[in-house]
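> The following comprises the amino acid sequence and a computationally predicted model.
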Amino acid sequence: MELFDFLDINGNPTGIVLEKGATLKDGQYYLGIHAYIFNSGFEFLIQRRSYNKSFAPGIWDIHLGHMIAGESSVECMIREVKEEIGLNINCNDICAVKRFFWDEKDRHIVDIYFIRKEYDLDKIILQKDEVIAVKKIAGKEMTDMIRNMDYRPCEYRNIVLEEIKNIHPMS
């Protein structure tokens, strides 16, 4: 059973801890993390979500997860990446990009991270109930993928595309 700290609209803890899947009340939000992992060759590491996932089953996506009770956003991101694909992230690899506030209906706050990390696909260890495959894609392909993420708000996609352009102007 996973427990989540619920936040207010400003991203501050409310002191309320609920089980995953609990119905949120007005003024309650949960925090998610999105991690864009890329190497020095500007190749992004993406994962194919398990078919048993309730959100976006079987699609190729970035690394994402939710903050559990008592952890920080960065701790969550490091934990999720380690659990799902066995990759160790250290604080020097991380660039916090922006906190994005989803609309009122979804009650979702997302911290967006870019992580520059060398990785070896042969050493990735998949958490099979979460991830069924990984692959690397070129920066241009990542840009195209983000543009087509119609399940994410346009403003979110623009934030990520701008960060890619800032990191690698040729993308």
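Alright, I've got the coordinates. Numbers count the residues shown, from 1 in each chain.

> drop to CA atoms for contacts and neighbour counts, all remaining ones
OK.

> Just give the number of residues close to Asp120.
The local packing of Asp120 (other C-alpha atoms under 10 Å) involves 10 other residues.

> so how far is Lys135 from it?
Using C-alpha to C-alpha, to the nearest Å, one obtains 10 Å as the distance from Asp120 to Lys135.

> Ok, Ile59 next?
Summarising the geometry, the distance separating Ile59 from Lys135, computed by C-alpha to C-alpha, is 12 Å.

> do the same with Val160
For Val160 relative to Lys135 (C-alpha to C-alpha), the value is 20 Å.

> quick one: which of those two has more around it?
When Val160 and Lys135 are compared for neighbours, Val160 comes out ahead with 20 against 13, by other C-alpha under 10 Å.

> Next, count neighbours for Gly15.
A total of 11 residues lie near Gly15 under the criterion other C-alpha under 10 Å.

> ok, now Tyr151?
The burial count assigned to Tyr151 is 8, neighbours taken as other C-alpha under 10 Å.

> May I ask which helix or strand encompasses it?
Here Tyr151 is covered by no helix or strand, with elements defined by DSSP states H and E.

> One more: Ile137?
Secondary structure from DSSP H and E places Ile137 in strand 131-138.

> Give me the sheet partners of that strand and which way each runs.
Paired strands of strand 131-138, with direction, are strand 43-49 (antiparallel) (DSSP bridges).

> Pull the partner strand out as PDB, backbone CA atoms only.
Output for strand 43-49, consisting of C-alpha atoms alone and laid out as PDB, is shown next (Å, rounded to 0.1, in the frame of the first residue of the first chain):
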ATOM      1  CA  GLU A  43      20.100  10.600 -26.800                       C
ATOM      2  CA  PHE A  44      17.100  10.300 -24.600                       C
ATOM      3  CA  LEU A  45      16.400   7.100 -22.600                       C
ATOM      4  CA  ILE A  46      12.700   6.400 -22.800                       C
ATOM      5  CA  GLN A  47      10.600   3.500 -21.500                       C
ATOM      6  CA  ARG A  48       7.600   1.500 -22.600                       C
ATOM      7  CA  ARG A  49       5.000   1.400 -19.900                       C
END
